[in-house]
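Undergrad: Structure, please.
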Amino acid sequence: MTTETPLNIRPTDPEWKIFEKDVANFVARLDSSSKPLQYDARLKGVSSHVERQVDVLVEGEINGIPISVAIECKKYSRPIDVGEIDAFVGKLQDLSVDKGVFYVYDGVTPGARNRAEGAIHPKVLLRESVGGSLVIDDWDELLPDCPNENCYGGMVGWRSSRQPAGGEDVSWGHCDICGTFAFTCRDCGEVDSAELGTAECFTCGAKYELESVDYQSTEIGEVIQVSRGED
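TA: Got it, this is the predicted structure:
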């Protein structure tokens, strides 16, 4: 299915199927450059060796590298609990897809939200309908952002450091696959990698001090900008 060939919603469709088709048509409109979406896709599990069902399967490329995203849609008369998220994570691992998106209609429990946010390999993006409407977004959180060019599909676990002189925080973190340390330059917005000590933005030359948690540790605890980059 594509934007030009959306799924037909029939008057006899149950509410859960209408929600699935709404999500599929919605996702198709987000990125018309991807391959046609597969609705109600069937894939063989890598570990289980049995056929698994996927509500919506999205396949495409990022910088020439194939990426697949499995989408689950649930419309219950209750919030989704941790068991449903856990089952989805297991399905993603069995199918060896790169990322997962879980669309829910009636909310999630705190445990389910924590389980989704804690999923790393693969990452799970939780999306909730608001007032019956799907939230517009571009899925940036699912795109690999590790600055290591030899790392495929790595996602940085971003955190931030307040600056002694005030102003915008510095965002930094480690890749969940290769462990590369990454930081976002405050001056130009580029994402670079660095090691403990002093880091310099490759694009504008801004310099940053990478401070360890304590004097006996090599673990980075704070990132402080020490000089501005070139305009």
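
Undergrad: tell me what whichever helix in the chain runs longest is packed against?
TA: Taking DSSP state H as the criterion, the chain has its longest helix at helix 15-30. Under the contact criterion of 3 or more CB pairs under 8 Å, 6 or more residues apart in numbering; DSSP states H and E, helix 15-30 touches strand 38-44, strand 51-62, strand 65-74. Bear in mind the C-beta positions are built from the backbone N, C-alpha and C, glycine included.

Undergrad: Now with 6 Å, please.
TA: In terms of contacts (3 or more CB pairs under 6 Å, 6 or more residues apart in numbering; DSSP states H and E), helix 15-30 is packed against strand 65-74.

Undergrad: Need the residues that contact the strand it packs on.
TA: 19-20, 23, 54-60, 80, 88, 92, 97-104 (CB atoms under 6 Å, 6 or more residues apart in numbering).

Undergrad: repeat that for 8 Å
TA: With contact meaning CB atoms under 8 Å, 6 or more residues apart in numbering, strand 65-74 is reached by 16, 19-20, 23-24, 27, 54-61, 80, 84, 88, 91-92, 95, 97-105, 139, 142, 144, 152-153.

Undergrad: List the buried residues of the worst-scoring helix or strand of the chain on mean pLDDT.
TA: Between all helices and strands in the chain, the lowest mean by mean pLDDT, DSSP states H and E belongs to strand 197-200, at a mean of 82. For strand 197-200, the neighbour count (16 or more other CB atoms under 10 Å) marks A199, E200 as buried.

Undergrad: Quickly run through the sheet partners of it, with directions.
TA: Sheet pairing here is set by DSSP bridges, and for strand 197-200 it gives strand 207-212 (antiparallel).

Undergrad: can you give me how far the helix or strand just after the partner strand is from the chain middle?
TA: Remark: after strand 207-212, the chain's next helix or strand is strand 220-227, criterion DSSP states H and E. Centre-to-centre, strand 220-227 and its host chain are 26 Å apart (CA atoms, centre = their mean, to the nearest Å).

Undergrad: any residues touching stretch 181-200, and which ones?
TA: The contact list for stretch 181-200 (CB under 8 Å, 6+ apart) reads 145-148, 156, 163, 167-168, 170-175, 180, 201-204, 206-210, 212, 218, 220, 223, 225-226, 228-229.
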